[in-house]
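> can't give you the sequence, but here's the structure:
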């Protein structure tokens with residue numbers, strides 16, 4: 001499997017066919033079309049930095065042992081479910097490869113500060129005018 005500039009050998013991905021859940025009648029009861037994909041992040045051939053990022057993503061699909069598990073059962077075809085599971089694995093790894101943008105600090109403009117202070121003073125005047133008039 002190829003992910004951007006990384007190659008993941010197919011022997012590191014374990015796919016097993018299982019029976020799907022839900023409605024479907026005889027087809028669901030007879031045919032194993034759903035796919036369980038397991039990818040061991042810790043023992044994979046990915047670079048150490050990528051492994052660390054994948055494990056630190058805090059995704060519920062990653063077990064405590066560092067195994068990424070996907071269950072694909074969208075279609076009635078086992079072949080299509082395999083393809084969908086691999087696509088989801090690729091998206092997961094690509095998510096770790098993309099670096100987050102560093103936030104650029106910005107300051108409020110002088111005009112926005114003046115607008116804020118003017119609205120505050122207007123609001124205060126409005127509340128002050130609600131008080132009882134003493135003569």
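Structure's in. What do you need? Computed from a prediction, not measured in an experiment: that's the story for all the values here.

> Would you confirm that residue 59 contacts residue 89?
No. If you go by Cβ atoms under 8 Å, residue 59 and residue 89 don't touch, sitting 11.8 Å apart. All C-beta atoms are positioned from the backbone trio N, CA, C, and that covers glycine.

> what touches both of these two?
The contact sets of residue 59 and residue 89 overlap at residue 68 (Cβ atoms under 8 Å, 6 or more residues apart in numbering).

> between those two, which one's more packed in?
Neighbour count, other Cβ atoms under 10 Å: between residue 59 and residue 89, residue 89 has more, with 21 against 12.

> May I ask which helix or strand encompasses that one?
Using DSSP states H and E, the element containing residue 89 is helix 78-97.

> in that helix, what's buried?
78, 81-82, 84-86, 89-90, 92-93, 96-97 (16 or more other Cβ atoms under 10 Å).

> what's that helix packed up against?
Secondary-structure packing of helix 78-97 (3 or more Cβ pairs under 8 Å, 6 or more residues apart in numbering; DSSP states H and E): strand 2-3, strand 13-18, strand 34-40, helix 48-56, strand 67-72.
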